[in-house]
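In: Give the three-dimensional model of this entry:
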Amino acid sequence: MSHGKLREDKTCLNCGHQVEERFCPHCGQENIESRHPFYYLFTHFVEDFTHYDGQFWGTLKNLMFKPGALTNTYLEGKRQKFVPPVKLYIFVSFITFFVFALFPLVNLNFDGAKEQHGPDKASVFDKMRALNTNKIVDSIKAKPIMTREDSTTIKSLNVLPDSAKVDDLEEAFDMSNKIDEDVQYGGYKTRKSYDSAAAKNPSAFDFIQIPIAHKFFELKEKGVTKGEIAKNLTATSFHNLPKALFIYLPLFAFFLWIFHNKKRWWYFDHGIFTLHYFSFLLLNILFVFLIVKLTSLTDIGAINAILYLILSVLLIYIIAYFFVAHRRVYHTHGIVSFFIGGILLALNLFAFMILVVGLALVSFLMIH
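Out: Numbers count the residues shown, from 1 in each chain. Alright, predicted model coming up:
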């Protein structure tokens, strides 16, 4: 309920009916003053969603600590007590991705990466190059008697790349470089040669391969740097991720529909479970993000240890939550529920990986 000031005039501004108390009995509009201070725009938004009567906070408490409770309550027909599933998912999704955009976890400024290393800040490649593995190995072998630890050290040092390989690695990961002229796609250096070969040997996957190849050669001809490609690819993928998740919701519900009684459970019921579970996932992904962000901001070992412990517990809880919620909503036997839940998680993990790959391909094609 709003805390706006009631109007002295009891005539509803919306429909003209007489308002005896706070809300119009004809149209339901609240009979409060229509002009407010500027800050009211923001406080009204928060108030409208959170409902100071406790609806929002009660929804969050049940969502986080009572797996399946919201879904059961909603399917029982008690739908005024908590925030509706779609509204909850949209709000949580908005908050999560807004925080991600506001506090990026990774610095996407790939350009000029070399210039960022001052004289006292050697890069990883500089440290690898400075480690003269051959000299260390020779000094160990020069010992009259080699211990087991010496043998282990030699084996580990032999795995490390030599200076020439380090130079190649640094060149490959240098984000300020453009795509080299000798770099090929499918064994071809130019778009013309690739199109000619594709016309002679058509493939069932040409609808995917040809657009990707054309985009690769386009970026190569434009002289776009690796850093620009990585930055645009990351930004575009992040921009498309909320849409991809929203598209994935019906697929998640479809997998639930496959494994449960069609007469007892409607697709609608699975959709409600999916919306609640994804709201829980997004909220906890936000918590994980904030914890990881905190660990990057502090160098105090004790605090980081506590944060990593919280992070570990949270990750375990996220996995366990699905099994508990699934059993409470679908009322299946413990072993059967665990078995079905495991199959569902594996299926969705596989399907989501396909979605991520598809999202990356679409994002790559959208790079300008």
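
In: what's the distance between residue 330 and residue 291?
Out: Using C-beta to C-beta, to the nearest Å, residue 330 is found at 31 Å from residue 291. Every residue, glycine included, has its C-beta placed from N, CA and C.

In: typo on my end, it should be residue 185
Out: Taking C-beta to C-beta, one finds residue 185 at 40 Å from residue 291.

In: Over to residue 61?
Out: Relative to residue 291, and taking C-beta to C-beta, residue 61 is found at 20 Å.

In: repeat for residue 6
Out: 45 Å.

In: Would you mark the buried spots in the host helix or strand of residue 243?
Out: Assigned by DSSP states H and E, residue 243 belongs to helix 226-258. Going by neighbour count (16 or more other C-beta atoms under 10 Å), the buried part of helix 226-258 is 226-229, 231-238, 240-242, 244-245, 248-249, 252-253, 255-257.

In: mind showing which ranges of the stretch 201-350 of the chain have poor pLDDT?
Out: 226-227 (pLDDT under 70).

In: How many residues are close by the closest residue to residue 82 other than its chain neighbours?
Out: Closest residue to residue 82 apart from its sequence neighbours, by C-beta to C-beta, 6 or more residues apart in numbering: residue 59 at 4.4 Å. With neighbours defined by other C-beta atoms under 10 Å, the count for residue 59 comes to 24.

In: and residue 59, helix, strand or coil?
Out: The three-state assignment at residue 59 reads helix, by DSSP: H, G, I helix; E, B strand; the rest coil.

In: residues contacting it?
Out: Residue 59 sits next to 70, 82, 83, 88 when contact means C-beta atoms under 8 Å, 6 or more residues apart in numbering.

In: Neighbour-wise, give me the winner out of those.
Out: residue 70 (28 neighbours).

In: Can I get the strand or helix carrying it in PDB? Just the C-alpha atoms.
Out: Element membership for residue 70 (DSSP H and E) is helix 69-75. The C-alpha coordinates for helix 69-75 follow below in PDB (Å, rounded to 0.1, in the frame of the first residue of the first chain):
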ATOM      1  CA  ALA A  69       7.400 -23.600  -1.200                       C
ATOM      2  CA  LEU A  70       6.500 -20.800  -3.600                       C
ATOM      3  CA  THR A  71       5.600 -23.200  -6.400                       C
ATOM      4  CA  ASN A  72       3.400 -25.300  -4.100                       C
ATOM      5  CA  THR A  73       1.700 -22.300  -2.800                       C
ATOM      6  CA  TYR A  74       1.000 -20.800  -6.200                       C
ATOM      7  CA  LEU A  75      -0.300 -24.100  -7.700                       C
END
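
In: If you count contacts, what does it end up packed against?
Out: helix 55-65, helix 267-297, helix 301-330 (3 or more C-beta pairs under 8 Å, 6 or more residues apart in numbering; DSSP states H and E).
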